[in-house]
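[1] Take this sequence and fold it.
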Amino acid sequence: MTGADLEAAAADSMKSFVRRKPKAFTDQGKPCANCGAPLEGWWCHVCGQNADNHRRSILHLTWEAIEGMFHLDGRLAQTLPLLFFKPGVLAKDLMEGRIMRHAPPFRTFLVALLLFIFAAEHAIHTVQHNLEHAWEERAERMKTPEGRKSEAERLRTQANVAKTEALKALAESRDEAIRDKDATPAKAQADYAQAERLVLQQYDRAIARAQKIETDPEAAMKSAEESGSMGKAAADQVRALDIEATGAKAVEGGHAKGDSAIDPAWFQAQIAKALENPEYYFTVMFGWAHRLAVLLLPILGLSLTLVYVNRRQFYVYDHLLVATNLLSFAFLTNALGLVLPWSVGKYWFLLLMFWTPVNLYQTLRGGYGSTVIGAVFKTGVVWFVSVTAFTTLLLALMFFTLSQL
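    Model prediction:
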């Protein structure tokens, strides 16, 4: 399924949601404009032409567009509250054949998936925009003496905190080593002194950098440019890693180079490309995301089939109906969290950590009629399978995207 196919399917699904309020037919007996037969309704019973002349004012067309978008003939308006708050009732209705009162499950799933992908793309673009805006503000501050002084003070404070925490951790490690009966106190003290020197050297470099930024406008602007190209800097650091040395250590540890199916040098180069051009990486990734996301449907349906294998009155089709509702709930609620401001969104995702398994429990308890203990156990199994499948597919997608760069 290509991106165009998904969008077309979702658009077609939206049509099934949208039902314009029918107008009363007032042209009874008038001749059809096409064949002249007397009209008895909105469609000619002889030639099938629509009797509407489609003549509207701009305001009327605007109102019809709004009405067509929000007048959902009660089906979606009835389905969504059940999907969020009474999923067991919705699952029971669908499995017992009460389908027409609800929005089509698979079409709801397609639209929810499309909204989730759009929301994820929006969230990533928002993060990138915020980073660019922060870099621009920092670059502007670096042009003034006050801004350079403020940045230098920030770096000094950061360096002091880092030094204090590092020395504290080293001292605790040294004291613990000295208390060890098998350890040599002199060696522990020597190791501490060597690590302390490295920490102090790093601290001195940070302080010198802060002083240079405060007194040298060119150094300040160079620092601002480096922070604006963090992706390129990270890519350069990855390329600078000595992969051959790492491989040699692995061989010394008893691992043959041929044991790995992935070439470390290739993996290093692809990671660097992704860091250097993250926008292209995410564009490619989202181009494949919906293909793998659709695989969650049969995986979740299979897990429901397995936990209810002894309930012969339910068929695979029933489990797939329930799976579409569960995934629609997950995609819609997570899409909402992705478009919320982070100050609110973080609490929303915290809520979803509890709400999602509760929604699954309600589905199994109400839809399948499981006992409380049975529903809890089956919820744990299905939840574990779902999270594992999602994590595996996400990692596979990230790795596959690297291979496409």
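[2] From F286, how far out is the spatially most central residue of the chain?
    Closest to where the C-alpha atoms of the chain average out (Cα atoms, centre = their mean) is A120, at 5.0 Å. When distance is defined by Cβ to Cβ, to the nearest Å, A120 is 7 Å away from F286. All C-beta spots, glycine's among them, are computed from the backbone N, C-alpha and C.
[3] circling back: list the contacts of the residue nearest to the centre of the chain.
    A120 is in contact with F286, A289, A335, L338, counting by Cβ atoms under 8 Å, 6 or more residues apart in numbering.
[4] same thing but at 7 Å, please
    Taking Cβ atoms under 7 Å, 6 or more residues apart in numbering, we find A120 in contact with L338.
[5] for M398, same thing?
    M398 makes contact with M285, according to Cβ under 7 Å, 6+ apart.
[6] Just give the nearest non-adjacent residue to Y361, would you?
    Closest residue to Y361 apart from its sequence neighbours, by Cβ to Cβ, 6 or more residues apart in numbering: T379 at 4.5 Å.
[7] Which of the residues in the longest helix along the chain are classified as buried?
    Ranked by residue count and defined by DSSP state H, the top helix of the chain is helix 105-142. If you call a residue buried by 16 or more other Cβ atoms under 10 Å, then helix 105-142 has these buried ones: 105, 107-117, 119-121, 123-124, 135, 138-139, 141-142.
[8] One more: stretch 31-51?
    C32, L39, C44, A51.
[9] repeat for stretch 143-150
    Residues G147, R148 are the ones in stretch 143-150 that count as buried (16+ other Cβ under 10 Å).
[10] which residues sit against that stretch?
    Stretch 143-150 has contacts (Cβ under 7 Å, 6+ apart) with R141, M142, I213, E214, A220.
[11] where's the closest residue to the fourth one other than its chain neighbours, which helix or strand?
    Once flanking residues are discounted, E214 sits nearest to A152: 3.7 Å by Cβ to Cβ, 6+ apart. Counting by DSSP states H and E, the secondary-structure element that holds A152 is helix 145-179.
[12] Now the element after that helix, going C-ward?
    Note on helix 145-179: by DSSP H and E, the next helix or strand toward the C-terminus is helix 185-215.
[13] buried sites along that next one?
    For helix 185-215, burial by neighbour count (16+ other Cβ under 10 Å) applies to 188, 192, 195-196, 199, 203, 206-207, 209-210, 212-214.
[14] can you put those in CSV and add distance to L321?
    Output for these, formatted as CSV (distance: Cβ to Cβ, whole Å):
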residue, distance to L321
A188, 65
Y192, 64
A195, 61
E196, 65
V199, 60
Y203, 62
A206, 60
I207, 65
R209, 61
A210, 62
K212, 65
I213, 62
E214, 66
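[15] name the helices or strands packed onto the helix or strand hosting L302?
    For L302, the host element (DSSP H and E) is helix 278-307. In this structure, helix 278-307 packs against helix 3-17, helix 105-142, helix 316-339, helix 372-404, with contacts taken as 3 or more Cβ pairs under 7 Å, 6 or more residues apart in numbering; DSSP states H and E.
[16] between the ones you listed, which gets the lowest average pLDDT?
    Among the helices and strands packed on helix 278-307, helix 3-17 carries the lowest mean pLDDT, at a mean of 48.
[17] Can you get me the centre-to-centre distance for the longest helix of the chain and its chain?
    Taking Cα atoms, centre = their mean, to the nearest Å, one finds the center of helix 105-142 at 10 Å from the center of the full chain.
[18] tilt between that helix and helix 145-179?
    Here the directions of helix 105-142 and helix 145-179 differ by 110 degrees (axes from the mean of the first three to the mean of the last three Cα atoms, to 10 degrees).
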